[in-house]
Structure formats: structure tokens, C-alpha cells
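S.K.: Just the structure for this:
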Amino acid sequence: MEKDGVTAGADSGDQAVSVETSVARTFLIVDVRGYTRFTQTYGDEEAGKLASRFAALVREAIAATGGEVIELRGDEALCVFPSARQALRAAAELQVRFRQRPEGQPIFPLGVGIGLAAGEAVPVEGGYRGASLNLAARLCSLAGPGQILASETVTSLAGAVAGLRFVERRAVRVKGIERPVRALEVVPEVALPPVPEAPRPRSRRRGRILVAAGALVLAGSLAATLLAITRGSDGTSVSVLPNSVAVIDPTTSRVVDAIPVGESPGPIAAGHDALWVINVNDRTLTKIDPIERSIDASVGLPTPTGRLSVPLRLALTPDDVWVYVCNLKLLRIDPDTTQIDQDLEVFREIGFGPEPSCGAAADASSVWVPVDFPRFELLRVAAPQSDPASIAERIPLPLGLRSAITLGAGSVWIADSFKGAVRRVDPASGTIIRTITLSDGPSAMAFGHGAVWVANRTEDSVLRLRPETNSIVKAISVGADPVALAVGADAIWVANSGDGTVSRIDPGTNTVTGTIRIGHRPLGVAVGDGLVWVTVRE
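M.R.: All right, here's what the predicted structure looks like:
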């Protein structure tokens, strides 16, 4: 099977078919989620047994639903059906079989993702050739563990199918297809056991840049298209294509990989054994597996009415992922199921307001978000899952646009881009302890190494603030138009959107010790799993 190409093979015993005759078929691709991690944890022998069990379950389910297994390879299978209805029933049957729990134990220890697409395909020797295979592969890669995604063509051909319901999802862009694709999630109405959780790897070494050989075979051609190596006067640099996440090894300060995501990725955060990316134009949240460097799931985010270009922000608590639709609502998302568990209204949609500028931050007990329209407030929302999410406090604040927020040194720090200041707020009383005057342009903040770090777009610098004295210690020149900061891997990382670079600041010397050229606009940066992750857009 060739996921990035258009050819699907079959067993060598199949006879050649004329390439001139095109036939309509529905293709189903099923892939094991967490297979590489399983191999790292239990070794090749157990992984081989798992692959054999996977093959047996797939063959049984496909044979029972009238399909044909064209190819099996390790942790994935390609199947073909003469009917869309048959393929949908097969997908549901696969999820049922893989999630059985005889005597309370899962029959298969990992979840599987399934993608389906239909269209004309040309029979060739050993398989088929056609765009529908590519689309099925893309939908499979987007499907999370236990999830089935089907193209609109599949569901339209099938019509209503007893025992299944179709849930519309937001359109996403996928590689090789010019227009956004609107997939539908196929949900069996029968109650299914929970999806098994993938095991932890034995070790997660800092600076890890190797993945299992099987994953390299699948990802190699895609990575080559996302990373273009060029040589200029400054030596070797890497240009990362837009709409992807660049992966930087902090031990070498080099880009080692790139992962395609949605359109115009921006905010990114690391936590819950995943990377979380907001795709601004798609209005989707992408979950990335940092070990396999692949997409685990994609979540559609609501589009507010009566407002244009409403920003989205991310914050992580120990239990949940939070998305702030600036000034309007706060979404609580389960990191395991990627389902929106709560949609908390901040303000009602009341028509057109000023272009909002906001941030979000979280600690173990609360999520903090500033509001600048229609009233100027700081909101605290209770975070533990045991308590229903609620607005615990509404703290009035002086007039100003809140461009960023961070937590540290027992305080809430808010960047006021309108007045060119950072305000330090006491979280217990809600009072402003100190206002630190800056020049115009604070755009991002982070706390680490005992300091508050503030990106200043006007002066292309990062300011280090000392909490003990509430004063600026140092202004550090970085790249053009710094818009995002992250602390980790013994450094402060700065995404500079104006010149397509990422700056590395040594907090011990307050100097830039490295500049990584990305090639396009980096808009977000995070540190997780010993690597630095940067969202890249045009």
C-alpha cells in the first residue's frame, strides 16, 4: 500500500486487470493507533504477535461484511468494497470486534482509526489506482482511536444505514487535495466498550529524533515534501512548508521533522502526552502524538456569529484542554476522547465589537482569561473535572487590550497592549499589585527560571522582568515581530513571525544562543517530549 501515492496492491496471486476500465469502489483503511509506542514498550516479538492478531481480526470482519482485504502490513490494512453501505457496516464491525472485552479484558490492547472514501478507481495489476485511496488514507490519519471518518461521497451513496448515525465535522485541508474536505464521523448506535489506552514507552529520551522503521517508511516521503534544505551564506537552513508543525531538536537547534496540520496553525501547547494545535482558518483543534509524530484526532471548534476573526487561545490543566474563544466562550475538552465536555458562555454574542486581543493561562485549580469587550474583566474559571466548570470570579480591570497572560510567582501577569504595560494581579484579592510600564507592543508572555518573559513586537525584543522588584532586568534583541514564547529545554524559545525564525535565549546569560530559520511565519511555540514544536503558516 502507498499512502502518499495512488496505488494499492493486493496479494501476488491476483491476476492483472486492464488499466483502461474505471470502476466505482469504496475503500476502507484501518490503522492501529499507538503501535510504535507499543513496540517501544514491549519489544518486537510482542509487536509481531499484535500484528498477527490485528490481521486475523481484520480478515474476519471484512469477510463477514462482503469486502476484500487488498493488503495487510503490520499495523494497517487496506480493504475494498463494491458498496458504500457494506463498507460502513464493515467499519462499525471492526470497531465492535477490536473493542470486545471477554471476561473484562480487551481482546485487542490498542484502539484503531478508520477512514473511508469512495470513487472511481482504475484496476491495475495487484490493486487499484485512484484519488479515493488517497482520501481514505488521509481520513484514516485524522481518525482518533476508536473513531471512523467517512467522506461525504460515502455517506451520500449509502444513505441511511440502520444502526449507524453520521455526525458532521468541520472541513479540513488534507495533503494532495486542493479544497477542504468535509468528513463525517460514523457512530455506531450500539454501546461499545471504551477504547483501550496505549501503553507508555519504557523511556522518553530528551532530544529524541528516531522513530520506528515502519513509521519512517510511511512518513519519509511526506517529511521530504514539508522540509526543504537550502544552503545560503549563513550555512544550512531548513524551510518548513506552511500549515505544518516544525519539530526542533534543542540539543542541535535544528529542524528534524515537520507534521502537516490544518490551515493557518497558530496557538500550540504541550500536555496530556500530546501536542495541541489550533488551526485558525479551519477553526479546528489538532491532537498530535509526539512519539509517532502523527495526528491522533481533529476537533471542530464553534464559529461565533456576529463577529469577524475571533481569536482562539489554548490553556491546559491537569485534567483538561481548554480553548478560549476570545470574549465569548470557554470550551473544556477531554484530552482522551477529544470531545467538548463543556461550552461555557463568557458573554453573549452581541454583534460586532472591536477586534479582540486576548490570552489564556491555567494552573492546577483554575483557568484565567481576560475579557476586553463589552466590559474589561479578568475571569477565573474552576478547573477540576469534579466541579462543573463555572465562572468563579469576574474581576474588573482598568481599560486596555489584553494581549497575553501568564501565571507565576504567586501572581497573574497580564500584558496590556493598549497602554504598553504589564499588570501584576493578586489572584486572591483580584487587585493590581503593580503596573510595569513598557513601550508599545507586548504580544506574548511566559514564566520560567524565576522571571516573567515578555515579547515586544515594536522593538523586536524579549524583556525579562524580575518579580522581586517588579522591574525590567534586560531587553534581549531577537528576530522580527516576536509573537509567541515557550519555556523549556533549559531555554526561552521565541517565534518571530516577521523573519521566519525561532530564537533561543539562554536564561543564565540573557543572550540569544541560537537562531533557527523556519522559512515561513512561525506563530506558536511549545516545548514537550524533549523537543520544541513550532506552528508554521504562510
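
S.K.: Give me the nearest residue to residue 376, chain neighbours excluded.
M.R.: The shortest distance from residue 376 to any non-neighbouring residue, by CB to CB, 6 or more residues apart in numbering, is to residue 397 (5.1 Å). Where you see a C-beta, it was placed from the backbone N, CA and C, and this is true even at glycine.

S.K.: pretty sure that neighbour contacts residue 375?
M.R.: No. Under the criterion of CB atoms under 8 Å, residue 397 makes no contact with residue 375, lying 9.3 Å away.

S.K.: The two: who's more crowded?
M.R.: Neighbours per residue, other CB atoms under 10 Å: of residue 397 and residue 375, the larger number sits with residue 397, 19 against 11.

S.K.: Look at that one and report its pLDDT.
M.R.: Here, the pLDDT recorded for residue 397 equals 73.

S.K.: Ok, the one 5 residues further on next?
M.R.: You'll see residue 402 listed with a pLDDT of 69.

S.K.: repeat for residue 492
M.R.: 97.

S.K.: Equivalent analysis for residue 30, please.
M.R.: 96.

S.K.: Over to the one 3 residues further on?
M.R.: Residue 33 is assigned 84 on the pLDDT scale.

S.K.: now do residue 54
M.R.: pLDDT, read off for residue 54, is 95.

S.K.: Can you tell me the closest non-neighbouring residue to it?
M.R.: Nearest non-adjacent residue to residue 54 (CB to CB, 6+ apart): residue 32, at 6.0 Å.

S.K.: OK, contacts around residue 438?
M.R.: Contacts for residue 438 were tallied using CB atoms under 8 Å, 6 or more residues apart in numbering; they are 420, 421, 422, 454, 456, 463, 472.

S.K.: Reformat the residues you listed as TSV; add pLDDT and secondary structure.
M.R.: Below are the contacts of residue 438 laid out as TSV (pLDDT from 0 to 100; DSSP: H, G, I helix; E, B strand; the rest coil):
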residue	pLDDT	secondary structure
420	84	coil
421	88	strand
422	91	strand
454	95	strand
456	89	strand
463	95	strand
472	93	strand
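
S.K.: among those, who's most crowded?
M.R.: residue 454 (28 neighbours).

S.K.: Could you report the neighbour count for the residue nearest to residue 54?
M.R.: 24.

S.K.: Is it correct that residue 315 is in contact with residue 332?
M.R.: No. Residue 315 is beyond contact range of residue 332, at 10.3 Å (criterion: CB under 8 Å).

S.K.: any residues in contact with both of the two?
M.R.: Counting by CB under 8 Å, 6+ apart, the residues touching both residue 315 and residue 332 are residue 322.

S.K.: buried set for the top helix by length along the chain?
M.R.: If you go by DSSP state H, the chain has its longest helix at helix 44-64. By 16 or more other CB atoms under 10 Å, the buried positions in helix 44-64 come out as 47, 50, 51, 54, 55, 57, 58, 61, 62.

S.K.: I would like the residues contacting it, please.
M.R.: Defining contact as CB under 8 Å, 6+ apart, one finds that helix 44-64 is touched by 28, 30, 32, 35, 38-39, 68-69, 72, 74-75, 77, 79, 90, 93-94, 97-98, 107-110.

S.K.: Which of the residues you listed fall in helices?
M.R.: With DSSP H as the criterion, helices contain 35, 38, 39, 90, 93, 94, 97, 98 from among those.

S.K.: OK, contacts around the residue nearest to the last one when sequence neighbours are not counted?
M.R.: Nearest in space to residue 98, with sequence neighbours left out and distances taken as CB to CB, 6+ apart, is residue 108 at 4.7 Å. Each residue near residue 108 by CB under 8 Å, 6+ apart is listed here: 50, 53, 54, 57, 98, 99, 100, 196.

S.K.: ok, the last one touching residue 101?
M.R.: Pointing back at residue 196 there. No. Using CB under 8 Å as the test, residue 196 is too far from residue 101 to be in contact (9.0 Å).

S.K.: Who has more neighbours out of these two?
M.R.: The neighbour count for residue 196 versus residue 101, taken as other CB under 10 Å, is higher for residue 196 (21 against 13).

S.K.: Need the pLDDT of that one.
M.R.: For residue 196, pLDDT reads 74.

S.K.: Could I get the contacting residues of residue 289?
M.R.: Contacts of residue 289 by CB under 8 Å, 6+ apart are 33, 34, 37, 273, 274, 295, 296.

S.K.: if we go to 6 Å?
M.R.: residue 296 (CB atoms under 6 Å, 6 or more residues apart in numbering).
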